[in-house]
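J.: Predicted model and sequence follow; I will ask about them next.
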Amino acid sequence: MRIAVIGTGYVGLVSGVCFSDFGHEVVCVDKDPRKVEMLNAGEVPIYEPGLDVLMAKNVEAGRLSFTLDLAEAMEGAEAVFIAVGTPTRRGDGHADLTYVMTAAREIAQIAKDYVVIVTKSTVPVGTNRRVRDVVAETNPGLDFDVASNPEFLREGAAIDDFMKPDRVVVGVENDRAQKVMADIYRPLYLRDFPIVTTDLESAEMIKYAANAFLATKITFINEIASLCEKVGANVKEVSKGMGMDGRIGNKFLHAGPGYGGSCFPKDTKALARIGQEHAAPMMITEAVIKINEDIKRRMVDKLLDMCGGSFNGKTISVLGVTFKPNTDDMRDAPSLMLVPAMVGGGATVRVIDPQGRHEGEALLPGVEWHEDPYAASEGANLLVLLTEWNEFRALDLERIAKAMATPHMADLRNVYAVSDVKAAGFRAYDSIGRPGFSEAG
Ligand SMILES: NC(=O)c1ccc[n+]([C@@H]2O[C@H](COP(=O)([O-])OP(=O)(O)OC[C@H]3O[C@@H](n4cnc5c(N)ncnc54)[C@H](O)[C@@H]3O)[C@@H](O)[C@H]2O)c1
């Protein structure tokens, strides 16, 4: 099959590469000349493990190419995927559909023969119908269908998630579009990965409901962690004991500094807005959004406490600034709130991140970028573990404690055992929802 993919971001590029690996002929198109230039030179503009190798393999096989020209990408395509951004609209929390609707209009201006226009971007309920109306208005004679095909991949594990999904969700209005979608995903269907076929609205809703549910689960354990801190319980033990219950499951039960990233913050806000508009308020989701903000603010207080009430004049080493490990994505990362609070409070902040510097330099002004956690600990007053990259999971704590001016650690991902930190010579340690320690002096 010939497929066009609009948008070569985290979702569009991974989808395009994986579709071409299924054996389809894929042309990916983006408006950003810098990205297309890099892709045509064999470089991957984002950090996603394994993507470079799979991309090179399929380009080499002649099944995958990149262009700025949508007409070229759509030549003979049976399906065109819209995988552009749907960020939060300024001011009102709605998903900004400008990019999606622009792409829909552009497709309509170019298409001549039957094509299925598939929205992969996360979009509010009703958007696929809007896409259909816009295409029909722009090109009244065109034979086409729309389909909703929300994406569930996780950055950092995107290829595996795309190639071995828990399910593929496809919303369609008729058998003709369903057949095209079934043909596209046949390689997964043949390997028994389930395809859930629904109407357009249900497919759109599944994506928001799934993300809001996951954000709720994270926020629930974060709130339990706050209570654990007050009553002397250990949230790691609590998560373990809860997660073994098959009805609950152990995923998304790790307490941390509040969720961030490219999806949960904007998708929870968008769902809350959809609920308000339809007089069916999403009260749980609204509470989750508020609690998550409170949790991030509490993290600032935690760090402040560990600095004796003031950041002024302190040297703080921050390990990890991306919103999670194995990505270079900084969108809505907790670091974007915590680091400016420390810099603004007068601290010298040293930052280390295996992939975050490229994006982070512009977003975190006033910090010193370092490569080596040991050098960055030299003379520091506080070490903050903010993103649990593997590189930070087995540090020589003794060496770090010796190098620091005041060996204090805030482990906001609960990576280290309290006993190990103490034995290494740290004099104060705090984490999330677990008893820490603090020795005077
Ligand atoms: N990032 C994730 O982990 C993830 C996971 C699941 C779903 N999603 C959803 O997928 C969608 C895309 O997310 P992303 O993170 O890949 O976005 P992104 O911002 O990384 O990429 C979007 C790309 O689309 C391009 N673009 C915009 N308008 C265009 C047009 N008219 N023609 C050609 N190119 C155009 C931009 O230049 C950009 O490269 C969003 O709706 C998001 O919610 C994202």
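T.: On my side now, so go ahead.
J.: drop to CA atoms for contacts and neighbour counts, all remaining ones
T.: Fine.
J.: how's the protein carved up into domains?
T.: When the chain is parsed with automatic domain parsing, its domains come out as 2-198, 200-441.
J.: Now residue 196. Nearest residue, chain neighbours left out?
T.: residue 169 (4.8 Å; CA to CA, 6 or more residues apart in numbering).
J.: what's downstream of the one helix or strand that neighbour maps to, the next helix or strand?
T.: Element membership for residue 169, per DSSP states H and E: strand 168-171. Per DSSP H and E, the first helix or strand lying C-terminal to strand 168-171 is helix 175-184.
J.: can you pull the buried residues of that next one?
T.: Neighbour-count burial for helix 175-184 flags 177, 178, 180, 181, 182, 184 (criterion: 16 or more other CA atoms under 10 Å).
J.: helices or strands next to the helix or strand harbouring residue 296 in the packing?
T.: Residue 296 belongs to helix 283-306 when assigned by DSSP H and E. Judged by 3 or more CA pairs under 8 Å, 6 or more residues apart in numbering; DSSP states H and E, helix 283-306 is in contact with helix 200-231, helix 264-277, helix 335-344, strand 408-411.
J.: In the sheet, which strands lie alongside the shortest one, parallel or antiparallel?
T.: Within its sheet, strand 408-411 is paired with strand 382-385 (parallel), strand 428-430 (parallel), according to DSSP bridges.
J.: Show the average pLDDT along it.
T.: What strand 408-411 shows for mean pLDDT is 98.
J.: So what touches whichever helix or strand comes after it?
T.: Beyond strand 408-411 on the C-terminal side, the first helix or strand identified by DSSP H and E is helix 418-423. Applying CA atoms under 8 Å, 6 or more residues apart in numbering, the contact partners of helix 418-423 are 397, 429, 436.
J.: May I ask which of those has the most neighbours?
T.: Across those, neighbour numbers were computed from other CA atoms under 10 Å; residue 429 holds the maximum, 22 neighbours.
J.: What sits closest to it if chain neighbours are left out?
T.: Closest residue in space to residue 429, ignoring its immediate chain neighbours: residue 409 at 4.8 Å, by CA to CA, 6+ apart.
J.: So what sits opposite the one you found in the bridge?
T.: Here residue 409 sits in beta bridges with residue 383, residue 429, as judged by DSSP bridges.
J.: OK, contacts around it?
T.: Counting by CA under 8 Å, 6+ apart, residue 409 has contacts 382, 383, 384, 385, 426, 428, 429, 430.
J.: hang on, the fourth one packs against residue 318?
T.: Translated: residue 385. Yes - counting by CA atoms under 8 Å, residue 385 does reach residue 318; the two are 6.1 Å apart.
J.: Between these two, point out the one with more neighbours.
T.: Remark: of residue 385 and residue 318, residue 318 carries more neighbours, 27 against 23, as counted by other CA under 10 Å.
J.: Which helix or strand contains the more buried one?
T.: strand 315-319.
J.: so what strands line up beside that strand?
T.: Strand 315-319 sits in its sheet next to strand 348-352 (parallel), strand 382-385 (parallel), going by DSSP bridges.
J.: quick one: it to chain centroid distance?
T.: In terms of CA atoms, centre = their mean, to the nearest Å, the centre of strand 315-319 is found 24 Å from the chain centre.
J.: Stretch 175-182 now?
T.: Stretch 175-182 sits 29 Å away from the centroid of its parent chain (CA atoms, centre = their mean).
J.: if we can go back for a sec, what's the strand holding residue 169 in contact with?
T.: Applying CA under 8 Å, 6+ apart, the contact partners of strand 168-171 are 147-151, 178, 181, 193-204.
J.: Give me the buried subset of the residues you listed.
T.: 147-151, 178, 181, 193, 195, 197-198, 200-204.
J.: near the ligand too, which of those?
T.: Contacts with the ligand within the buried ones among the contacts of strand 168-171, counted by CA under 6 Å from any ligand atom: residue 151.
J.: Take the strands paired with strand 315-319 and write them to CSV, including mean pLDDT.
T.: Output for the strands paired with strand 315-319, formatted as CSV (pLDDT from 0 to 100):
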stretch, mean pLDDT
strand 348-352, 98
strand 382-385, 98
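J.: out of those strands, nearest to residue 216?
T.: Across the strands paired with strand 315-319, residue 216 has its closest neighbour in strand 382-385 (23.5 Å, CA to CA).
J.: Show the subsequent helix or strand relative to that closest one.
T.: Immediately after strand 382-385, counting by DSSP H and E, sits helix 397-403.
J.: wait, what's in contact with the closest residue to residue 12 other than its chain neighbours?
T.: In space, and not counting its chain neighbours, residue 12 is closest to residue 83: 5.0 Å by CA to CA, 6+ apart. Residues near residue 83 by CA under 8 Å, 6+ apart: 5, 6, 7, 8, 9, 11, 12, 119, 120, 121.
J.: Which of those fall within helices?
T.: Residues of the contacts of residue 83 located in helices (DSSP state H): 11, 12.
J.: What about the ligand: which of the contacts of residue 83 touch it?
T.: 6, 7, 8, 9, 11, 12, 121.
J.: The fifth one reaches residue 151, doesn't it?
T.: Yes - here residue 11 lies in contact with residue 151, judged by CA under 8 Å, at a distance of 7.5 Å.
J.: Tally up the residues packed near residue 256, please.
T.: 25.
J.: Shouldn't it be within a helix?
T.: No - Residue 256: not assigned to a helix; according to DSSP: H, G, I helix; E, B strand; the rest coil it is coil.
J.: That one touches residue 222, doesn't it?
T.: Yes - applying CA under 8 Å as the test, residue 256 and residue 222 come out as touching, 6.4 Å apart.
J.: Can you say which of the strands paired with strand 315-319 is nearest to residue 306?
T.: Evaluated over the strands paired with strand 315-319, closeness to residue 306 peaks at strand 382-385, with 7.5 Å, by CA to CA.
J.: follow-up on the earlier one: which stretch among the helices and strands packed on helix 283-306 is buried most, on average?
T.: Using mean count of other CA atoms under 10 Å, the stretch among the helices and strands packed on helix 283-306 with the largest mean neighbour count is strand 408-411, at a mean of 24.
J.: rewinding a little: now render the strands paired with strand 315-319 as a markdown table, adding distance to the ligand.
T.: Output for the strands paired with strand 315-319, formatted as a markdown table (distance: least, CA to the nearest ligand atom, whole Å):
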| stretch | distance to the ligand |
| --- | --- |
| strand 348-352 | 23 |
| strand 382-385 | 23 |
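J.: Give me whichever of these is most buried.
T.: Most buried of the strands paired with strand 315-319, by mean neighbour count (mean count of other CA under 10 Å): strand 382-385, with a mean of 24.
J.: For that one, which outside residues touch it?
T.: Identification of contacts with strand 382-385 by CA under 8 Å, 6+ apart yields 306-307, 314-320, 377, 392, 404, 406-413.
J.: what about that strand, distance to the chain center?
T.: 23 Å.
J.: what's the answer for stretch 160-174, then?
T.: Worked out by CA atoms, centre = their mean, stretch 160-174 lies 18 Å from the chain centre.
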